[in-house]
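>>> what follows is a predicted protein model with its sequence.
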Amino acid sequence: MLPNDLKPETFRSYPPEAKSLVIENLAVLRELPLSFESGLLREVIEFDYKFPAERRALERELQNLSHLAPGEKTRWMQGFSTISLSPKLEHFDWVNSPAQFTEQLSAHLWTTHQLDAFRLAANTYGDQLRAAVPVEVPAVPRLGITVIGEGVQSYSGPLFRKLRPYGAHFSNVLPDDGLPTLLATVVSRAKQHNAPYAHWYIDGGEAAGHDPSLAFVSYAALESVRVALLGKIHTETQKPGMGPEMLRTLMAQLRPTDLGMKEAGSQVLDRFQLKLLTEGSGTQIFSTSFTQWAAREALRRAEPLTLLVRFAPRQRQKPMDELLSPQAVQSELDPLGSLIDADMGAYYNWLNQQRLPGAENAAFLAWFEGHNEAVVIGPTVPHATESANPINMKQLLSWIV
Amino acid sequence: MQPWDEIAHAIGRTRREFLRDAAGVTLGSTLLRSPFARAAASPKKKKVVVITFGGGARDQETFAPEGQENVPNMLRELIPRATFFTQVINRGILGHYVATASLATGAYETINNFAALPPENPTVFEYYRKELKRPSSDTWVVAPSNGFNHIGESSSRSFGPGLGARVILPKHLLTAAISNRHADYAHLLRDNYETPYFTPELSGSDFELEQLEQLLKLSVDDFKMHARTLSSPDELSAYITKQLMRQVAPSLLCITMHDIDIAHAGTYSLYVEGIRRTDRLCAEMWKTIESDPEYAGKTTLLILPDFGRDADNDAGGNGFQHHRTGDALSRTTWLIAMGPGIREGVVYDRAVDALDLVPTIGSMMAFTASLSKGKPITEIV
């Protein structure tokens, strides 16, 4: 099937809101090249489970495509139109399985040396879209906070080396009440600028506190889900003929309730957490990988106004099959290795925050939990500066909030 | 110059400038060399050892200023005695098996990265053995994963069966030796970080144990006892390689390292730990070459990563974790070449293609890689 064969009934298995969205935009969907359309449908099919920011972005994108004049549309799609697809891909059920299709498309692009052309087409399209569709300016400057090093008694190596050039490094932070102060700041912002999924707290271990005004994700709270997932993977991989692609397809079809998540949970947040575990790499076994990936995905998808991320120690490295076993016993922790992971994770959190609209006004704070070291970045903070003066967490926050 | 080439060029330039400061190297383009001098320096019965610094390491964790702490051995011991190429570009598929196969054939392979298939183009081992009429014992591959068991011999009709390298899979060897999984050795059997749920199973252990005892002159008990002292699969590979060099002394030997690929699990500390270990093992390998009379004074060592990893600033990836975006950083790596006849402490900034490895080895060992798509790297042949 090709895009110009699309009919309303083609989308009968789509969730209700996604179905309405495609039917509303069917005319334009019929005109798009398949190499582009599959990526778009990959987003559309998840519409019912998307965060508000994603839904608005997708609606604006479709609206923009629908309003392009025929010549403009051809120009926008030029790069994608030159991508040649195999008959096998064209016959694939890309309408109902767009995620699996894009994986096969990716393999096809690598094999046929068209990846660079596709990257160029995607980047050009992204630039045009950003220029044509005004970005959503955040209601208040974003604030990102990353706390690293839980459980580390002492560490003499340099931290925040990648962040320091962009802000001020403090080496005499008074750690008392540090975490409660940060949490209170996040909750206060959530109450002042209340909006669904606008304020987040992600913890790589046990939560330090919880307020219903925050979207909350924690590695520890998902333990039973992780064990259930590893059990399912273990069962599936024992079946003859099972390979990586088939396993990914099965993972993509899982629903939160398949892994024991309660019906009563938030459908959007539960799906988000499920995807962290089924699509993330290492998220099932290492809490630092989970935390970094959860923060990345929360920033990319929900575009939060406030994000507090706290890394916790991950388990020590063991052979993969032992780590992936659903019967794995709780193993020894690696606090120092986790600190190094989290230091890089803090940098990635800042990078990902800076990809969002309003980056020029956004603020960021990273702190070595329970210790004296922190870095703050914000529009009024001078770059690459150092301070050894005593400062408590409230004073530190006052630099950027 | 295309924007992508500009980025790759900038990556290379940064490496060169850093190396000039750190290791006191000279820019190669300022040097001229007489071909007669090179011929005089080329000993007969040359041997070549290739190490792929795998799987996938970025500039910023290796030769960029902030990465220097991770490669102290290469920086202080190898670079001053080597010719260093700052830009080796891999334009092929960035999967470890298929990229290693491309390095081995000098043609960009398009085989499925996760299937146990031989390369489609003739390998460097087949060119070498066919043209110079060398026995199979003269070419070996030490490979990290069961998925690499076909890397030594292609499916090419004009080469292929019976002309390839012998492949040794240290993990498979260890599995055969211990007969059952044993907790003491489990850390040495980690396999395939990209699809960790699927480790290709190889059948048969008799041949493996025969290799161990007859070729490597190792008793099962000695092997098991030594394996207990090692900390990672790449250390196991290095141990087996040294044993192979001592007992068999192949002329063309390729070792594929893989510990670094733990990066796919998203743990930066383990990724960096893998780089540091590989750095140490590469220096150890050079010491082994220099101290073994079968290799000393007549061996060229070539070290290069199979490819890089995604850049931090590419929103399509997740930084060091994967090599999926195909961006400049994930495609641009480096090459260390050292041995008799190769200039010491010299850096070349020009772009070299990953495919150039096979014809370069061909020029060094006097055979023609007729179907390779690369060109000999003239500065080191």
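The structure has been received and is ready for your questions. Numbers count the residues shown, from 1 in each chain, chains lettered A, B, ... in the order given.
>>> check residue 212 and give its pLDDT.
Chain wasn't specified; assuming chain A. pLDDT recorded at residue A:212 is 93.
>>> oops, wrong one, chain B.
So residue B:212 comes in at 80 (pLDDT).
>>> I'd say it and residue B:218 touch.
Yes. Using C-beta atoms under 8 Å, residue B:212 is in contact with residue B:218, at 5.2 Å. Quick note: C-beta positions are derived from backbone N, CA and C, even for glycine.
>>> in the stretch 101-250 of chain B, which spans are strands?
B:139-142, B:166-168 (DSSP state E, counting those that start in this stretch).
>>> can you list contacts of the shortest one?
Identification of contacts with strand B:166-168 by C-beta atoms under 8 Å, 6 or more residues apart in numbering or on different chains yields B:136-137, B:139-143, B:148-152, B:211, B:240, B:244.
>>> buried members of the residues you listed into ChimeraX, please.
Buried subset of the contacts of strand B:166-168, written as a ChimeraX selection, criterion 16 or more other C-beta atoms under 10 Å in any protein chain shown:
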select /B:136,139,140,141,142,143,148,149,150,151,152,211,240,244
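>>> ok, residue B:212 and residue B:218, which is more surrounded?
residue B:212 (23 against 20; other C-beta atoms under 10 Å in any protein chain shown).
>>> got the contact list for that one?
Contacts of residue B:212 by C-beta under 8 Å, 6+ apart are B:173, B:176, B:177, B:218, B:220, B:223.
>>> go again with 6 Å.
By C-beta atoms under 6 Å, 6 or more residues apart in numbering or on different chains, residue B:212 lies in contact with B:173, B:218, B:223.
>>> ditto for residue A:185
Residues in contact with residue A:185 (C-beta under 6 Å, 6+ apart) are residue A:397.
>>> how far away is it from residue A:394?
The gap separating residue A:185 from residue A:394 is 9 Å, by C-beta to C-beta, to the nearest Å.
>>> show me what from the stretch 151-300 of chain A comes close to chain B.
Within reach of chain B by C-beta under 6 Å from any C-beta of the partner chain, the stretch 151-300 of chain A has these residues: A:237, A:244, A:281, A:282, A:286, A:289.
>>> now with 8 Å?
A:161, A:233, A:237, A:243-244, A:247, A:280-283, A:285-286, A:288-289, A:292-293, A:296 (C-beta under 8 Å from any C-beta of the partner chain).
>>> try the stretch 1-150 of chain A
Checking the stretch 1-150 of chain A against chain B by C-beta under 8 Å from any C-beta, the hits are A:106, A:110, A:111, A:113, A:115, A:116, A:119.
>>> and the fourth one, that one's in a strand?
No. With DSSP: H, G, I helix; E, B strand; the rest coil as the criterion, residue A:113 is assigned coil and is not in a strand.
>>> next, count neighbours for it.
Neighbours of residue A:113 (other C-beta under 10 Å): 13.
>>> tell me which parts of the stretch 301-401 of chain A are close to chain B?
Residues of the stretch 301-401 of chain A lying close to chain B (C-beta under 8 Å from any C-beta) are A:314, A:317-322, A:324, A:334, A:336-341, A:343-345, A:347-348, A:351, A:355.
>>> next step: those residues restricted to helices.
A:320-322, A:336-341, A:343-345, A:347-348, A:351 (DSSP state H).
>>> and these, which is closest to residue B:110?
Distance to residue B:110 across these (C-beta to C-beta) is lowest for residue A:320, with 27.4 Å.
>>> need the pLDDT of the closest one.
For residue A:320, pLDDT reads 64.
>>> and for residue A:331?
pLDDT, residue A:331: 77.
>>> do the same with the one 10 residues further on
As summarised for this prediction, residue A:341 has a pLDDT of 98.
>>> quick one, helices of chain B?
Under DSSP H, chain B gives helices at B:3-23, B:35-41, B:72-73, B:96-105, B:124-132, B:170-178, B:206-210, B:220-227, B:233-247, B:268-291, B:328-331, B:357-365.
>>> now tabulate these in JSON lines and tack on distance to chain A.
Formatted as JSON lines, the helices of chain B follow (distance: least, C-beta to the nearest C-beta, whole Å):
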{"stretch": "helix B:3-23", "distance to chain A": "7"}
{"stretch": "helix B:35-41", "distance to chain A": "35"}
{"stretch": "helix B:72-73", "distance to chain A": "16"}
{"stretch": "helix B:96-105", "distance to chain A": "9"}
{"stretch": "helix B:124-132", "distance to chain A": "22"}
{"stretch": "helix B:170-178", "distance to chain A": "11"}
{"stretch": "helix B:206-210", "distance to chain A": "20"}
{"stretch": "helix B:220-227", "distance to chain A": "14"}
{"stretch": "helix B:233-247", "distance to chain A": "10"}
{"stretch": "helix B:268-291", "distance to chain A": "4"}
{"stretch": "helix B:328-331", "distance to chain A": "9"}
{"stretch": "helix B:357-365", "distance to chain A": "19"}
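>>> quick one, which of those helices is packed in tightest?
Mean neighbour count (mean count of other C-beta atoms under 10 Å in any protein chain shown) peaks for helix B:96-105 among the helices of chain B, with a mean of 28.
>>> so that helix versus helix B:357-365, what angle?
40 degrees (axes from the mean of the first three to the mean of the last three C-alpha atoms, to 10 degrees).
>>> quick one, helix B:96-105 and helix B:124-132 angle?
Using the same axes, to 10 degrees: helix B:96-105 against helix B:124-132 is 20 degrees.
>>> now do residue A:86, the pLDDT please.
Confidence score, pLDDT, at residue A:86: 94.
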